[in-house]
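Engineer: just to be clear, the model below is a prediction. Sequence and coordinates:
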Amino acid sequence: MKHTALPPLSLLCWAARIAAQEPSGSLGDLTLEQLMNESVTSVSKRLTRLGDASTAISVITQEEIRRSGYTSIPELLRLVPGLQVARIDGTDWAISSRGFNGQFANKLLVLIDGRTVYTPTSGGVYWNEQDTMIEDIERIEVIRGPGATLWGSNAVNGVINIITRSARDTRGTVASLIGGRDDRPTVSIRHGGDLDSALQYRAYLKYSNLAALETPDGHSSSDRQQTVRTGGRLDWHRSDADSGTLLADYYDNDTRKVVRQSLFDPPYSFIEKRSEHNSGGDLLGRWSHTLPGGSQLTIQAYLNHFIQDFGYGVEHHDSYDLDVQHHLTIGSRNDVVWGFGYRYTSTEQTQGTTLVWIPNRENLQLYHAFLQDEITLVPDHWRLILGTKFEHNDLTGLEAEPTARVAWNANPSNTVWAAVSDSTRTPSLYEHNGFNTVAIIPSSTGPDTRVQLQGNSDEDEEQLRAFELGYRFTPSAAFSLDVTGFYNEYRDLLAYINNPVAFVELPPPAHVLVSSTYQNVGRAQTYGAEIEAQWTPTAGLRLVTSYSGLRMHVRPDATQDTGSPQHQAQLRTYVTLPRQIELNGALMYVDRLTVTPSVSPVNVPAYVRLDLGASWRPVGTLELGVWGQNLLQPRHFEFPSVQNAQETDIPRNFLARATWRF
């Protein structure tokens, strides 16, 4: 393995010696000072310089997105230190920050342009439904650690905010064609322009046909997906005081999976190739107005609708959200952001054979208000950030999520920050209302035994108190170092507790019931560190390396599945050569881990992944690229599924992409 990985990366470093010296507008030519001046909004719900952020935040820039060769949002998230990204099968992912990963990782909040895509039914994200044209993503901001004071419950271990480009920046036409082992093919086209001097638009259409992955013996895993997605955006800028945005998306996808289905009658279980059909859409509007005196008012509203057909049942989901935010400065020392909002969610589940919802229809309301004040204690040196959020939801009632942060800028090159924060997670409707028969054990001498997992309507929220300490060092425009340490205390974690064995007659036939019910009995302590260093030794070369370590102690044993590796590391190389040629490399290491998706634990071996790519612009309007991914081995296993009847491996992949801009 060593002999396979090192020569290609060495070639990338060698190629930098002949990199072009003239500016080319590429990532390799950006100074770290420019990168640290990138504006982010996820930290304080307003534009903040990345170098001044008093939190552990990473930004995947538009240029990194383009050069990575990754064709989906989950793949792009592999670039973030401290974030665990594991592919489960052809359609599902397990993504989390700082532990507790799973197919429905429930302690990570994900937003697209400020619209939450966290699903209250399962308590996670349907990643196969979160997509757009890769070329339209402006940046991806990832907060590693709690963000509940601004973003609310479920932002426990992190926040991912995917921000798309303004219509002002996407004039003209872009067409993209991707073909390879996985993409068969993916085709995207987008056109934008001016309706008048103050109003710009764009519209796009994307089709993707993702091939099945592989089983450990190299055969097709029969899990695949076809998706059609379309949408558009309007941006209005009447003056510096008024601006507005309107976004709309619609998708329709068909997936195939191989799952094990339980039955109440012989043969009690069987394996089937299941077809799933999912569709949905969203509409978001945002208006910003600068008031007299310079303060800014922002009003955002969105609606989200989807129908998720799992093959064994259908979920209907509608949500409506309204947020009002006001940003103002008070004197010369107080920078205040405050706001309030309301969300209404309606869900309905069809009753399945083995999964029953009691009740199967819920109408949920959420009220929230927040306040955060950034106080300048000593200009250019000391800042104190105090804030809290109050939420009231129909499942657990009133929740408070405060934070206190302090940042010390010893000089422009050194920043030290520390924080203590409280966050909560609201139970999912599955944990609240679901009754799932996961196994049926036949008996030749008496009644059969049913093993059932049961929800609990008396659950309370899970709670976290997090302590963080960070250091950011930028001694020159060529080097930066970012170090974060954290210690987390979790209380009232939900875990299954065994109930007494009972003989029941309903529903027929009479059977022995072995059941477990969710209760707030778990506790955990986690601690770790995340380190990222960036070095730009020449105008045509940029190196990025990172390491994250995590230790978890959960009590009582096995009350929650941690599903996370202790160690992760990566090295990325970006090289810019003459004649508009770019070379890119990524070497990633993920430590072994253990996951319990159903009854028995599953061991996932450690793996090393090598991705290499090259792109070329023969003319200014055309870009051609080729990439090889997972080059070190034919296939590897990353994470088990809670549904699949087989292990699914991620195979070696080759792809080519052509992008026209005109």
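Structural biologist: It's in. Residues are numbered from 1 along each chain as shown.

Engineer: where exactly do the strands run in the stretch 501-650 of the chain?
Structural biologist: 502-504, 511-538, 541-555, 567-577, 581-590, 593-595, 602-604, 607-619, 622-629, 635-637, 649-651 (DSSP state E, counting those that start in this stretch).

Engineer: mean neighbour count, mean pLDDT and distance to residue 357 added to those, as TSV?
Structural biologist: Glycine gets a C-beta too; all of them are placed from N, C-alpha and C. Formatted as TSV, the strands of the stretch 501-650 of the chain follow (neighbours: other C-beta atoms under 10 Å; pLDDT from 0 to 100; distance: least, C-beta to C-beta, whole Å):
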stretch	mean neighbour count	mean pLDDT	distance to residue 357
strand 502-504	11	91	19
strand 511-538	18	93	14
strand 541-555	19	94	28
strand 567-577	21	96	37
strand 581-590	21	96	36
strand 593-595	18	88	26
strand 602-604	15	90	27
strand 607-619	18	96	38
strand 622-629	18	97	40
strand 635-637	19	95	32
strand 649-651	21	94	33
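
Engineer: for residue 166, find the nearest of the ones you listed.
Structural biologist: Residue 166 lies closest to strand 622-629 among the strands of the stretch 501-650 of the chain, at 21.5 Å (C-beta to C-beta).

Engineer: tell me what that closest one is packed against?
Structural biologist: Under the contact criterion of 3 or more C-beta pairs under 8 Å, 6 or more residues apart in numbering; DSSP states H and E, strand 622-629 touches strand 607-619, strand 653-661.

Engineer: try it again with 10 Å
Structural biologist: Here strand 622-629 touches helix 62-68, strand 172-180, strand 581-590, strand 607-619, strand 653-661, going by 3 or more C-beta pairs under 10 Å, 6 or more residues apart in numbering; DSSP states H and E.

Engineer: and the contacts of the next helix or strand after the shortest one?
Structural biologist: When you say that, I think you mean helix 62-68. Counting by DSSP states H and E, the next helix or strand C-terminal to helix 62-68 is helix 73-76. Residues outside helix 73-76 that contact it (C-beta atoms under 10 Å, 6 or more residues apart in numbering) are 60, 64-65, 68-70, 85-87, 92-95, 110, 112, 125, 127-128, 130-132, 134, 137, 140, 160, 162, 182, 611, 629.

Engineer: what do you get if the cut-off is 7 Å, keeping everything else the same?
Structural biologist: 60, 65, 68, 70, 85, 93, 95, 127, 130-131, 140, 162 (C-beta atoms under 7 Å, 6 or more residues apart in numbering).

Engineer: that older thread, okay if I get the helices and strands packed on strand 622-629 as JSON lines plus distance to residue 408?
Structural biologist: Below are these laid out as JSON lines (distance: least, C-beta to C-beta, whole Å):
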{"stretch": "helix 62-68", "distance to residue 408": "29"}
{"stretch": "strand 172-180", "distance to residue 408": "44"}
{"stretch": "strand 581-590", "distance to residue 408": "33"}
{"stretch": "strand 607-619", "distance to residue 408": "38"}
{"stretch": "strand 653-661", "distance to residue 408": "44"}
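
Engineer: so which of those is nearest residue 269?
Structural biologist: That would be strand 607-619 among the helices and strands packed on strand 622-629, by C-beta to C-beta, at 30.8 Å.

Engineer: now stretch 376-386, how far from the centre of its chain.
Structural biologist: Here stretch 376-386 is found 31 Å from its chain centre; the criterion is C-alpha atoms, centre = their mean, to the nearest Å.

Engineer: list the buried ones in it?
Structural biologist: Residues 383, 385 are the ones in stretch 376-386 that count as buried (16 or more other C-beta atoms under 10 Å).

Engineer: show me the shaky parts of the stretch 301-450 of the chain.
Structural biologist: Residues of the stretch 301-450 of the chain meeting the criterion pLDDT under 70: none.

Engineer: rewinding a little: tell me which of the strands of the stretch 501-650 of the chain sits nearest to residue 317.
Structural biologist: strand 511-538 (21.6 Å).

Engineer: quick one: that closest one to strand 567-577, angle?
Structural biologist: Orientation check (axes from the mean of the first three to the mean of the last three C-alpha atoms, to 10 degrees): strand 511-538 against strand 567-577 gives 40 degrees.

Engineer: hey, where'd the helices end up in the stretch 351-500 of the chain?
Structural biologist: Under the criterion DSSP state H, counting those that start in this stretch, the stretch 351-500 of the chain contains helices at 429-433.

Engineer: among the contacts of helix 73-76, which are located in strands?
Structural biologist: 60, 85, 93, 95, 140, 162 (DSSP state E).

Engineer: biggest separation within the residues you listed, which pair?
Structural biologist: 60 and 93 (16.1 Å).

Engineer: got a list of what residue 91 touches?
Structural biologist: Contacts for residue 91 (C-beta under 7 Å, 6+ apart) come out as 128, 223, 225, 255.

Engineer: bridged to the last one, which residues?
Structural biologist: Yep, that's residue 255 we're talking about. Beta bridges link residue 255 to residue 225, residue 276 when assigned by DSSP bridges.

Engineer: quick one on the thing from earlier: for residue 229, which of the strands of the stretch 501-650 of the chain is the nearest?
Structural biologist: Across those, closest to residue 229 is strand 622-629 (C-beta to C-beta), at 21.9 Å.

Engineer: tell me how far stretch 394-412 is from the chain's mean position?
Structural biologist: 21 Å.

Engineer: buried residues in it?
Structural biologist: 395-396, 399, 401-403, 405-407, 409.

Engineer: which ones are touching residue 186?
Structural biologist: 71, 178, 208.

Engineer: after the helix or strand containing it comes which helix or strand?
Structural biologist: Here residue 186 sits within strand 183-196, counting by DSSP H and E. Tracing the chain C-terminally past strand 183-196 and defining elements by DSSP H and E, one meets strand 199-210 next.

Engineer: please enumerate residues in contact with that following strand?
Structural biologist: Contacts for strand 199-210 (C-beta under 7 Å, 6+ apart): 90, 133, 136, 167-168, 170-171, 182-195, 224-236.

Engineer: show me what counts as buried in it.
Structural biologist: For strand 199-210, by 16+ other C-beta under 10 Å, it's 200-204, 206, 208, 210.

Engineer: ok, of the ones in strands among the contacts of helix 73-76, which one's closest to residue 452?
Structural biologist: The shortest approach to residue 452 among the ones in strands among the contacts of helix 73-76 belongs to residue 93, at 27.6 Å (C-beta to C-beta).

Engineer: what residues are bridge-paired with the closest one?
Structural biologist: Going by DSSP bridges, residue 93 forms beta bridges with residue 87.

Engineer: wait, it sits on residue 125?
Structural biologist: No: contact criterion C-beta atoms under 7 Å: residue 93 and residue 125 do not qualify, at 8.3 Å.

Engineer: against residue 279, how distant is residue 126?
Structural biologist: 12 Å (C-beta to C-beta, to the nearest Å).

Engineer: and the residue of the chain positioned farthest from its centre, how far from residue 439?
Structural biologist: Relative to the centre of the chain, the most outlying C-alpha is that of residue 445, 49.8 Å out, by C-alpha atoms, centre = their mean. Distance, residue 445 to residue 439, by C-beta to C-beta: 19 Å.

Engineer: the nearest residue to residue 121 once chain neighbours are set aside: neighbour count?
Structural biologist: Excluding the flanking residues, the one nearest residue 121 by C-beta to C-beta, 6 or more residues apart in numbering is residue 429, at 4.8 Å. By the criterion of other C-beta atoms under 10 Å, residue 429 has 24 neighbours.

Engineer: just residue 213 next, same as before
Structural biologist: Other residues close to residue 213 by other C-beta under 10 Å number 23.

Engineer: ok, residue 128 next?
Structural biologist: Residue 128 is flanked by 21 other residues according to other C-beta under 10 Å.

Engineer: residues in contact with it?
Structural biologist: By C-beta under 7 Å, 6+ apart, the contact set of residue 128 is 91-92, 225, 253, 255.

Engineer: which of those residues lies closest to residue 466?
Structural biologist: Of all those, residue 92 has the smallest distance to residue 466: 28.0 Å, by C-beta to C-beta.
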